[in-house]
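>>> sequence? don't have it. structure:
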């Protein structure tokens, strides 16, 4: 009774397989250890971002598979066809192989067509707009500040959020689990709306209104515990580009309703009257510049600045700071473009201060010297 001996794998194939296994282990070790997080997108925070994340996972898996296959074949080829002792004559040379050429043309073609199809599907999902979104927000990006106008179902402005950062008590608040329709406009240069956890960026182009929608995952927030997502302008827009930060704040519907009602009350509140006998200064902002750059007031006496913002679509304010231009002495709310404000200031001890626009602190024309004596 005879048996057919088993065919053993060539040593070259074994070594190539070993190399592929080692590479695969290294790839997995990098990502499971957390070292590969910088190469991988952040966790998706919206329904649209989950689709983008799924697309990334597929592309990454294909890239890893191709990498391992190519590296394995390279190692196998090096070992299999290396020159050995006694090889003094070139082996038989093969010129052209129709079967191999068809295979290496067909496989990439299928992969590319597949990636095109799923990318197109993801693009349509991200760009889809609802006929009746739950919330409408008009975001205005201007050097160097974001502001968010909340609109009703007819597109009429209800209230404006002029404080872009949650750390300052602001941010673009939205209810989780709801369809948020955003329109983007810029009165000056190109900006970009970018939130890393949304896995999405949309340019804000002067003279063109861009739109998009998103729905924050309901699991991101609970009553009393909002989710705060970091956002920023992702297009170099000038010297103050680094200050163009904002937050998207995801809230439950109950918390959002209370937040919006409080913002409306604050916006409609009557400003406090100017102190009796206080010195009144007049200041105009136009073309991102103050029309005056020096004021002098009496020590320990309140004063008022009647401020007129003539820069349409651009917000300004007038804060008092120390000479370092960073230490805030007295802060004032933002004045929208085309609006006026009466800023009341408490008396200051003698010294030299700076009045400055906190939105454009790097613009020399948007600051001046305040002398108190």
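Alright, I've got the coordinates. Quick caveat, the model's predicted, so the values are computed rather than measured.
>>> Can you check the distance spanned by stretch 363-373, start to finish?
This stretch, stretch 363-373, spans 27 Å end to end (Cα to Cα, to the nearest Å).
>>> contacting residues around that stretch?
239-240, 285, 288-290, 292-299, 316, 320, 325, 348-357, 359-361 (Cβ atoms under 8 Å, 6 or more residues apart in numbering). No exception for glycine: its C-beta is placed from N, CA and C like everyone else's.
>>> Now list the buried members of the residues you listed.
240, 285, 288-290, 295, 297, 316, 320, 348, 353-357, 359-361 (16 or more other Cβ atoms under 10 Å).
>>> Which of those residues fall within strands?
Under the assignment DSSP state E, these contribute 285, 295, 297, 320, 353-356 to strands.
>>> For residue 341, state which of those is nearest.
Distance to residue 341 across these (Cβ to Cβ) is lowest for residue 285, with 10.6 Å.
>>> How far does the helix or strand residue 122 falls within sit from its chain's centre?
According to DSSP states H and E, residue 122 maps onto helix 98-127. Here the centre of helix 98-127 is set off from its chain's centre by 30 Å, with Cα atoms, centre = their mean, to the nearest Å.
>>> elements contacting the very next helix or strand once past that helix?
Sequence-wise, the next helix or strand downstream of helix 98-127 (DSSP H and E) is strand 135-142. Strand 135-142 is packed against strand 145-151, strand 172-175, strand 180-185, strand 191-195, with contacts defined by 3 or more Cβ pairs under 8 Å, 6 or more residues apart in numbering; DSSP states H and E.
>>> ok, now with 6 Å
Applying 3 or more Cβ pairs under 6 Å, 6 or more residues apart in numbering; DSSP states H and E, one finds that strand 135-142 contacts strand 145-151, strand 180-185.
>>> picking up where we left off before, take the ones in strands among the buried ones among the contacts of stretch 363-373 and lay them out in TSV including distance to residue 75 and pLDDT.
Below are these laid out as TSV (distance: Cβ to Cβ, whole Å; pLDDT from 0 to 100):
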residue	distance to residue 75	pLDDT
285	67	94
295	75	94
297	79	93
320	69	95
353	70	96
354	66	96
355	69	96
356	63	94
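>>> Can you pick out the most distant pair from those?
Using Cβ to Cβ, these reach their maximum pairwise distance at 285 and 297, which is 19.8 Å.
>>> Surely residue 273 forms part of a helix?
No: secondary structure of residue 273 (DSSP: H, G, I helix; E, B strand; the rest coil): coil, not part of a helix.
>>> Give me the number of neighbouring residues for it.
10 (other Cβ atoms under 10 Å).
>>> what does the domain assignment say about the chain?
Annotated domains of the chain cover 11-79+99-127, 135-268, 279-372 [automatic domain parsing].
>>> The helix holding residue 122 packs against which elements?
Using 3+ Cβ pairs under 6 Å, 6+ apart, helix 98-127 sits against helix 47-80.
>>> how close does residue 111 sit to residue 61?
12 Å (Cβ to Cβ, to the nearest Å).
>>> Those two - which one has more neighbours?
For residue 111 versus residue 61, neighbours defined as other Cβ under 10 Å are more numerous around residue 111 (13 against 10).
>>> What's the separation between that one and residue 66?
8 Å.
>>> on that earlier part again, got TSV for the domains of the chain, with distance to residue 87 too?
Converted to TSV, the domains of the chain look like this (distance: least, Cβ to Cβ, whole Å):
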stretch	distance to residue 87
domain 11-79+99-127	14
domain 135-268	54
domain 279-372	70
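>>> Minimum distance to residue 89: which of those domains has it?
domain 11-79+99-127 (19.6 Å).
>>> what ranges do the helices span in the stretch 201-350 of the chain?
253-268 (DSSP state H, counting those that start in this stretch).
>>> Can you pull the phi/psi pair for the closest residue to residue 360 other than its chain neighbours?
Nearest residue to residue 360, sequence neighbours excluded (Cβ to Cβ, 6 or more residues apart in numbering): residue 366, at 4.3 Å. Backbone torsions for residue 366, taken as degrees, to the nearest 10, come to phi -110, psi 40.
>>> And residue 366, how far from residue 357?
4 Å.
>>> What about the residue nearest to residue 360, how many residues nearby?
Residue 366: 22 neighbours (other Cβ under 10 Å).
>>> Next, find the distance separating it from residue 327.
Distance from residue 366 to residue 327, by Cβ to Cβ: 17 Å.
>>> Endpoint to endpoint, stretch 143-159 covers what distance?
From start residue to end residue, stretch 143-159 stretches across 21 Å - Cα to Cα.
>>> check contacts around the residue nearest to residue 329 when sequence neighbours are not counted.
Leaving aside its chain neighbours, residue 329 sits nearest to residue 320 (4.4 Å; criterion: Cβ to Cβ, 6+ apart). By Cβ atoms under 6 Å, 6 or more residues apart in numbering, the contact list for residue 320 reads 329-330, 353, 355.
>>> go again using 10 Å as the cut-off
Going by Cβ atoms under 10 Å, 6 or more residues apart in numbering, residue 320 touches 305, 327-332, 343, 345-346, 348, 353-356, 370, 372.
>>> Report the buried members of the residues you listed.
305, 329, 332, 343, 345, 348, 353-356, 370, 372.
>>> and the two most separated of the residues you listed?
The span of the buried ones among the contacts of residue 320, defined through Cβ to Cβ, is set by 332 and 372 at 16.9 Å.
>>> Against residue 350, how distant is the closest residue to residue 163 other than its chain neighbours?
Spatial nearest neighbour of residue 163, excluding adjacent residues (Cβ to Cβ, 6+ apart): residue 170 at 2.6 Å. Distance of residue 170 to residue 350, given as Cβ to Cβ: 34 Å.
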